[in-house]
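J.: okay, here's the prediction I keep looking at, along with the sequence it came from:
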Amino acid sequence: MTTNSYIFEYLDENDFRKKERSVRKYNMLAYKKLTFNYYPELRKGNFLGEEISKDEKAKTISYELKLPTDELFAKVHGEIRLHYTVYTEKKVILLTNITPEGILDEGHRAELSTYKGVMVSKTDPERDMFKINLLNMLGK
């Protein structure tokens, strides 16, 4: 590792790792992109995604990186996004969150069922199945 590379730190490592494992379990493509493409690029200082905010005083920049997400999953639950903040002077990347939180938290706690190929939450499966059926009826 070179001295020019950035290091990762976590806002809440346990919570972040749980969500990362849910992504691995339910969306292997997004997990592989994150692990083998995005993380190495971030470490090199190539900040990916959309710049959300900048704090000149603290010398930080916050980003949101959209991960590959199945179109139907995105319509039912939302896009999978990595949230991170770069501390430019310290050469630190603070990994803050992976969203959507609800379904990723649930996916870690229990095995989620799928309906027509999309994860369905345990808290409100009827709503999710209704959305899936409606999107299929409308032709996505």
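T.: Nice, I can see it.

J.: so which strand or helix has N136?
T.: Secondary structure assigned from DSSP states H and E places N136 in helix 125-137.

J.: in that helix, which residues are buried?
T.: Buried residues in helix 125-137, counted by 16 or more other Cβ atoms under 10 Å: 128-129, 131-132, 135. In this view, the C-beta of every residue, glycine as well, is placed from N, C-alpha and C.

J.: what's the neighbour count on Y10?
T.: Number of residues near Y10 (other Cβ atoms under 10 Å) recorded here: 15.

J.: residues contacting the nearest residue to K131 once chain neighbours are set aside?
T.: The shortest distance from K131 to any non-neighbouring residue, by Cβ to Cβ, 6 or more residues apart in numbering, is to V76 (4.8 Å). V76 is in contact with 118, 128, 131-132, 135, counting by Cβ atoms under 8 Å, 6 or more residues apart in numbering.

J.: farthest-apart pair in those, please.
T.: Within those, two members stand farthest from each other by Cβ to Cβ: D128 and L135, at 10.7 Å.

J.: using CSV, write out every CA atom in the helix holding N136.
T.: Taking only C-alpha atoms (Å, rounded to 0.1, in the frame of the first residue of the first chain), the coordinates of helix 125-137 have been written out as CSV:
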residue,chain,number,x,y,z
PRO,A,125,-45.0,-8.2,2.3
GLU,A,126,-48.5,-7.3,0.9
ARG,A,127,-47.3,-3.8,0.0
ASP,A,128,-44.2,-5.1,-1.8
MET,A,129,-46.2,-7.8,-3.7
PHE,A,130,-48.8,-5.2,-4.7
LYS,A,131,-46.0,-2.9,-6.1
ILE,A,132,-44.4,-5.9,-7.9
ASN,A,133,-47.8,-6.9,-9.5
LEU,A,134,-48.6,-3.3,-10.4
LEU,A,135,-45.2,-2.7,-12.0
ASN,A,136,-45.6,-6.0,-13.9
MET,A,137,-49.1,-5.1,-15.0
